[in-house]
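A.B. asks: A predicted structure for the sequence below; I have some questions about it.
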Amino acid sequence: MSESPKVCFDRILPKDLMRPHRRERGPDGGDRAISPIGKSWMNGTRLTVSFLGGTPAEQNTARQQAAWWQQACNISFDFGSHIAADIRISFDPNDGAWSYVGTDNKGIPANEATMNLGFLDGGTAGHEFGHAIGLAHEHSNPAGGIQWNEPVVIAALAKPPNSWDEAKVRHNVFMKYAVDQIKGTAFDPDSIMLYSFPAAWTLNGIATHANDVLSSLDKAFVAGASMYPPSAPPPSEATTLTIDGDKTKASIGTAGEEDLYSFDVATEGVIEVTTRGTTDVYLKLYGPDSETALIGEDDDAGYGLNPRIRTALLPGRYYAQVRHYSPQGTGDYTIRVRTR
């Protein structure tokens, strides 16, 4: 195996650049990972995709490998000449392979790429589409047990085709998420989201093989309750809320559950979406008339541990998504939409 394999690197939003992954364990001592909390799309979302260049063969490879995820879970892709597509793919051979993660894609200016496929070895496009639907690198899994030989890895990745500086290596390879930052599975050595690297890169002799297709655990995880289960209702079947109506009682009944609501705004004005209760929930708001355009998100701006989003809205349909702050959390809450 080459000492300088081609690897993908994380694309981070400016607001997250100075936020290193934490390394604490959860209260039960357990570690699981592959999806950072808060970056998954609504279940059942159809993501628009456009190409910024590329040959017909390159574009076809991207379509084929994106379909691996579409076949595995309740996410689909619409390839075409979309204005401000959710995912925009360039094929710059001098910029490596990378993608923004999940809903971070919506924070990128509409004239810029959100994914680059500078090489298409094996399952590279499938790996990058894994990021695009909200998955992190499997080597960032706290359960991996990898003890990096840091000087060796830094030296190897400083060479072409990667040419990374030490800071990029440390963020993309050595840093791990904490349990309270992720939801996922036990470490999966067969995951398409795992780098291929030699034993010389580690102090405990761990090496990985190239994973060019989705593993059985990849498929099971993205189709599970915490990501995109086929059995869950799509946005078109979201629970309807009435503006200035009564509070709606709800519950996060199982770990990883995300509740989805919709409401219609008839005239422009300031609207407030809030929850109440002792359950620590997190709120996201999308719209107007869009399942992917994130307007705002909040954790504790409301009463106690409750979120509150107060903003001016144009006429249209909006979607409110509620999840527990903790990946293992459950509990009751109420939600309400009011004019302010």
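C.D. replies: Yep, that arrived. In this text, all values refer to a predicted model and were calculated from it rather than measured experimentally. Numbering: from 1, shown residues only.

A.B. asks: Tell me the secondary structure at the residue nearest the centre of the chain.
C.D. replies: Of all residues in the chain, the one closest to the mean position by C-alpha atoms, centre = their mean is G134, 2.0 Å from it. Recorded secondary structure, G134: coil (DSSP: H, G, I helix; E, B strand; the rest coil).

A.B. asks: Neighbours of Q64, how many?
C.D. replies: Using other C-beta atoms under 10 Å, Q64 has 11 neighbouring residues. Yep, even glycine has a C-beta here, placed from its N, CA and C like the rest.

A.B. asks: What sits closest to it if chain neighbours are left out?
C.D. replies: With sequence-adjacent residues excluded and distances taken as C-beta to C-beta, 6 or more residues apart in numbering, Q64 is closest to A125, at 7.8 Å.

A.B. asks: Ranking helices and strands of this protein by mean pLDDT, which lands last?
C.D. replies: Of all helical and strand segments in the chain, the minimum by mean pLDDT, DSSP states H and E falls on strand 182-185, at a mean of 50.

A.B. asks: Past that one, which element shows up next along the chain?
C.D. replies: Under the assignment DSSP states H and E, the closest C-terminal helix or strand after strand 182-185 is helix 216-222.

A.B. asks: The residue nearest to the residue nearest to the centre of the chain when sequence neighbours are not counted and M115, how far apart?
C.D. replies: Across the structure, with C-beta to C-beta, 6+ apart as the measure, the residue nearest G134 apart from its sequence neighbours is G102 (3.3 Å). Applying C-beta to C-beta, to the nearest Å, one obtains 12 Å for the distance of G102 from M115.

A.B. asks: Overlap in contacts, the two.
C.D. replies: With C-beta atoms under 8 Å, 6 or more residues apart in numbering applied, the overlap between the contact sets of G102 and M115 consists of 131-132.

A.B. asks: So for these two, which sits in the more crowded spot?
C.D. replies: Summary of the neighbour comparison: G102 and M115, criterion other C-beta under 10 Å, with M115 having more neighbours (24 against 19).

A.B. asks: ok, that one - contacts?
C.D. replies: M115 makes contact with 87-90, 98-100, 128-129, 131-132 under the criterion C-beta under 8 Å, 6+ apart.

A.B. asks: Next, give phi and psi for it.
C.D. replies: When read as degrees, to the nearest 10, the backbone of M115 gives phi -150, psi 140.

A.B. asks: May I have the beta-bridge partners of it?
C.D. replies: As for beta bridges, M115 partners with I89, S99 under DSSP bridges.

A.B. asks: count of neighbours near the closest residue to W201 other than its chain neighbours?
C.D. replies: Residue nearest to W201 in three dimensions, not counting chain neighbours: V153, with 5.0 Å by C-beta to C-beta, 6+ apart. Burial of V153, expressed as a neighbour count using other C-beta under 10 Å, amounts to 22.

A.B. asks: On the three-state scheme, V153 is what?
C.D. replies: Criterion first, three-state DSSP; result for V153: helix.

A.B. asks: cool, H171 as well?
C.D. replies: Local secondary structure at H171 is given as helix here, using three-state DSSP.

A.B. asks: quick one: it and T202, what's the gap?
C.D. replies: In this structure, H171 and T202 are 18 Å apart, going by C-beta to C-beta.

A.B. asks: for T240, same thing?
C.D. replies: As for T240, its distance to T202 is 52 Å (criterion: C-beta to C-beta).

A.B. asks: Please apply the same query to S236.
C.D. replies: S236 sits 47 Å away from T202, taking C-beta to C-beta as the criterion.

A.B. asks: So which of these two has more stuff around it?
C.D. replies: Applying other C-beta under 10 Å to S236 and T202 shows that T202 carries more neighbours, namely 19 against 8.

A.B. asks: wait, A301 sits on T311?
C.D. replies: No: applying C-beta atoms under 8 Å as the test, A301 and T311 come out as separate, 11.6 Å apart.

A.B. asks: Check the burial of L120 by counting its neighbours.
C.D. replies: Using other C-beta under 10 Å as the criterion, L120 is surrounded by 17 other residues.

A.B. asks: my guess is L260 meets S236, correct?
C.D. replies: No: using C-beta under 8 Å, L260 is not in contact with S236; the gap is 10.1 Å.
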